[in-house]
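**Q** Quick one: sequence and predicted model below, then my questions.
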Amino acid sequence: MDWQEIRKKRLTKPIFGWAQRALPTMSATEQEALEAGDVWWEANLFTGDPDWQVLLNTPKPELTSEERAFMDGPVEELCSMLDDWKITWEDGNLSPEVWDFIRQNRFFGMIVPKKYGGLEFSAFAHSEVIRKISSCSATAAVTVMVPNSLGPGELLMQFGTDEQREYWLPRLARGEEIPCFGLTSPEAGSDAASMVDTGVICRGTWKGEEVLGIRLNWHKRYITLSPVATVLGLAFKLRDPEHLLGDEDELGITVALVPTDLPGVVTGRRHLPSFQMFQNGPTKGEDVFIPLDHVIGGEAQVGKGWKMLMSALAAGRGISLPSLSAAAAAFSARTTGAYARIREQFGISIGKFEGVQERMGAIAATAYQLDAARRLTCAGLDSGRKLAVISAIMKAHATERMRQAVNDAMDVHAGKAVIDGPNNYLGNLYRAVPVGITVEGANILTRNLIIFGQGAIRAHPYLLKEMEALEEDDREEALAKFDEAFWAHVGRGLKTAGRAFIRNWSGGLISPSPKAGKASRYYRQLSRRAAGFALLSDFALLTLGGALKRKEMLSARLGDILSELYFLSAALKRWEDEGRQKEDLPLLAYCMDAGLATIDQRFAELFANLPNRLVAALCKVIIQPFGARTRGPKDKITMECAEILMAPSASRDRLTDGLHLGREGGAVAKLEGAFSLSVLTSKAREAMHKARIEDPEAAVASGDITAADAHKITDYRKAVAEVIAVDDFSPEELALHGTQGGRAAGQAQTANF
Ligand SMILES: Cc1cc2nc3c(=O)[nH]c(=O)nc-3n(C[C@H](O)[C@H](O)[C@H](O)COP(=O)(O)OP(=O)(O)OC[C@H]3O[C@@H](n4cnc5c(N)ncnc54)[C@H](O)[C@@H]3O)c2cc1C
């Protein structure tokens, strides 16, 4: 017997038995979710020794000239047509002109290949479009998002038969068909696989002929675009009690296309999601018959619906809500900086108060960070990968950060943002935030269950191999495969422990970094944290095994570390891609200092809560020998970030590039105008301030300013008065809001209280 055989028999065999009990077991749906999608940069982070060149060699996402023309043309025009207040409070819908414009310009076909009449945009271009529209109206953005994410366009492209693609994709791209996707039902929300909607294989009549098909019964809710949809992508559990297809009774979750004009389909009623007016509502079907070829992918895809959904979600989830979140953060940054400059209290701009700067610094850094992560994710998607784990990270963490940025923006604007009306440019965004938090996998679930749960299995170099070996039917084969993966895992574990020890005990000094100028130290710190993360993940999996799935608070913290590592590497990549802009250094520093502090905090929480105290103590000695010493961004850095928002600069432009800055005469346009005048008149106002003169005419008379300056200052004061004004309504107008969906807005008056 050679050494390997002895190892297998004496050591691996008992460990194999233990692992069968300890390692996470997988349900069929979990197995399918794990098989869907690809891993990418997060797998590199999971090694504990990320290869920074892989990150830095990733091409920077760019628009083609065609995509750029679409941004400057149709997207710009669409934005100028959107009046969010009117959409929300007067029409309760996008106007017919906007619907037509969206259809005619193929906004619904951004992901559809050109050969089917779509725009075939890159993930980055798709994201840029969503981002810009989101800066004017969440309702319009969500309307455009849905046909370009789950579907069912993406499902058809990935899994449809040739006939289905030929028929449906051109119609979807041209907007002749409005799609929606129905997964969620009253009983089955987060646990969508527990749906009770059914399909039964049977014979039925279709266009006068008897064919094999499915009789469907469903009740879905919360379905975006359902009230106006002409075709419903439906997920249901398929049964074959008469064995018309084969021997099995239960065929599993299946996805089919259901034209909504079929007898038995009931749609049209609307939900009101956080007062956002995108079309959303329930859909029901009673004994609706469809032929078998309406199953997406035909008979070959019967029962494979869950895997199809997970795979399709991996693409859309990485684009839609992260783009909306990045837009929300950038919009918050732009408007809050401008408002904090022109709004004065106690005789100075509120943006000069440290308390306000604390919030503005955070908003600015979040805007930098979110856009960095959005771009990196798009680059990954554009390399052809379906990023399952990264999409989950982006969905949960981008929307959470959006929530914080919008909250901070609301607090800085105070009453101005609380009072609703056409003059409030933040209130609707604030109301839209919970939609982002809830849809496409609610955040608590995604953070606690999915990110580390899937990440550990998918992105870990050996765990999935070990689990697959345990599932092998042939015991000899299973033991051989497990032996190979397990000992490679042990080897890696020892290397990781050594690496984590050296990097952490040297405070990151002995830690790899590419030559990245002032950012080099951050790479070293991330390499240090990555080593600690890899070690702690292994120990957590080793000591908790399958129980880690139920220990959600521990799993969430490990997921937070992985997510932070992803976001921070994205910030470093952005800094590099943008040519290491010196003026952006405070933004990068803020992101890194805040992110590293979060990582260290999560490490400390894990050490305090891991049930195996010996392992916790050992990991603490290796990873955090001197405790969690990172303190977050210094006040000076926070103030520098806040200042970026308060004055025109290339840095501010980079941060808020690609937003739509308001319709002519709209509230944002007024704010932008007042901000420009503030900059233009700043010297003259300073001169008046020094001379203690309030009246511009008097200042002209005393020679402190010119007549032209006085004119501009008068304009500026008028512009400021318009910006700080809020709306008020008569009681009758408000009663109309309640009863008729709000026509009052059109007659809203502006008052200056
Ligand atoms: C505006 C809007 C649009 C939508 N559009 C669509 C659509 O087009 N198509 C579609 O099919 N669906 C759609 N949905 C449904 C959406 O995906 C679900 O709302 C979501 O999956 C959560 O389900 P639920 O609301 O029933 O919450 P529940 O499942 O009841 O969950 C409640 C809370 O418990 C948490 N939770 C649940 N399980 C766990 C767990 N194991 N661990 C930790 N936390 C957990 C959740 O995170 C959540 O915070 C939409 C929903 C909304 C509100």
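**A** Yep, that arrived.
**Q** name the helices or strands packed onto the helix or strand hosting residue 679?
**A** Per DSSP states H and E, residue 679 falls inside helix 667-680. When contacts are defined as 3 or more Cβ pairs under 8 Å, 6 or more residues apart in numbering; DSSP states H and E, helix 667-680 packs onto helix 320-342, helix 707-724. C-beta coordinates here come from the backbone N, C-alpha and C atoms, glycine included.
**Q** CA atoms of it as CSV?
**A** Taking C-alpha atoms only, helix 667-680 is exported to CSV below (Å, rounded to 0.1, in the frame of the first residue of the first chain):
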residue,chain,number,x,y,z
ALA,A,667,-37.0,71.5,-9.1
VAL,A,668,-33.6,70.0,-9.8
ALA,A,669,-33.0,72.5,-12.6
LYS,A,670,-33.8,75.3,-10.2
LEU,A,671,-31.4,73.9,-7.7
GLU,A,672,-28.6,73.6,-10.3
GLY,A,673,-29.3,77.2,-11.4
ALA,A,674,-29.1,78.6,-7.9
PHE,A,675,-25.9,76.6,-7.3
SER,A,676,-24.2,78.1,-10.4
LEU,A,677,-25.3,81.6,-9.4
SER,A,678,-23.9,80.9,-5.9
VAL,A,679,-20.5,80.1,-7.4
LEU,A,680,-20.7,83.1,-9.8
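**Q** hmm, who's touching that helix?
**A** Applying Cβ atoms under 8 Å, 6 or more residues apart in numbering, the contact partners of helix 667-680 are 335, 338-339, 341-342, 422-425, 647-648, 661-663, 712, 715-716, 719-720, 722-723.
**Q** re earlier: the helices and strands packed on helix 667-680: which one's closest to the ligand?
**A** When the helices and strands packed on helix 667-680 are compared by Cβ to the nearest ligand atom, helix 320-342 sits nearest the ligand, at 11.0 Å.
**Q** wait, does the closest one make contact with the ligand?
**A** No. Contact of helix 320-342 with the ligand (Cβ under 6 Å from any ligand atom) is absent, the minimum separation being 11.0 Å.
**Q** gap between residue 490 and residue 483?
**A** For residue 490, the distance to residue 483 equals 11 Å [Cβ to Cβ, to the nearest Å].
**Q** So if I had to pick from these two, which one is more boxed in?
**A** residue 483 (21 against 14; other Cβ atoms under 10 Å).
**Q** The more buried one: what secondary structure?
**A** Secondary structure, DSSP: H, G, I helix; E, B strand; the rest coil: residue 483 is helix.
**Q** hang on, isn't it packed against residue 12?
**A** Yes. Residue 483 lies in contact with residue 12 (Cβ atoms under 8 Å); the separation is 4.3 Å.
**Q** Spit out the residues that contact those two alike.
**A** Counting by Cβ under 8 Å, 6+ apart, no residue touches both residue 483 and residue 12.
**Q** of the contacts of helix 667-680, buried ones?
**A** Among the contacts of helix 667-680, those buried by neighbour count (16 or more other Cβ atoms under 10 Å) are 335, 338-339, 341-342, 422-425, 661-663, 712, 716, 719-720, 722-723.
**Q** Please give me every residue in contact with residue 70.
**A** Applying Cβ under 8 Å, 6+ apart, the residues contacting residue 70 are 119, 121, 125, 129.
**Q** got JSON lines for those, with secondary structure, pLDDT and distance to residue 564 too?
**A** Formatted as JSON lines, those follow (DSSP: H, G, I helix; E, B strand; the rest coil; pLDDT from 0 to 100; distance: Cβ to Cβ, whole Å):
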{"residue": "119", "secondary structure": "coil", "pLDDT": "97", "distance to residue 564": "35"}
{"residue": "121", "secondary structure": "coil", "pLDDT": "97", "distance to residue 564": "30"}
{"residue": "125", "secondary structure": "helix", "pLDDT": "97", "distance to residue 564": "28"}
{"residue": "129", "secondary structure": "helix", "pLDDT": "98", "distance to residue 564": "28"}
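**Q** picking up where we left off before, tell me which residues in the next helix or strand after the helix holding residue 679 are buried?
**A** Sequence order places helix 682-690 as the next helix or strand after helix 667-680, per DSSP H and E. Using 16+ other Cβ under 10 Å as the test for burial, helix 682-690 gives 684-685, 687-688.
**Q** ditto for stretch 535-546
**A** 535-545.
**Q** average model confidence for that stretch?
**A** Mean pLDDT, stretch 535-546: 88.
**Q** Get me the contact residues on the stretch 351-500 of the chain for the ligand.
**A** Going by Cβ under 6 Å from any ligand atom, the residues of the stretch 351-500 of the chain near the ligand are 435, 438-439, 442, 444-445, 448-449.
**Q** returning to that earlier point: so for the helix holding residue 679, what gets flagged as buried?
**A** Buried residues in helix 667-680, defined by neighbour count with 16+ other Cβ under 10 Å: 667-668, 670-675, 677-678.
**Q** What are the contacting residues of the helix or strand hosting residue 416?
**A** Here residue 416 sits within helix 415-418, counting by DSSP H and E. By Cβ under 8 Å, 6+ apart, the list of residues contacting helix 415-418 from outside reads 339, 343, 409-410, 424, 426-427, 430, 724, 726.
**Q** Mind doing that once more with 6 Å?
**A** The contact list for helix 415-418 (Cβ atoms under 6 Å, 6 or more residues apart in numbering) reads 410, 426.
**Q** Great, nothing more from me.
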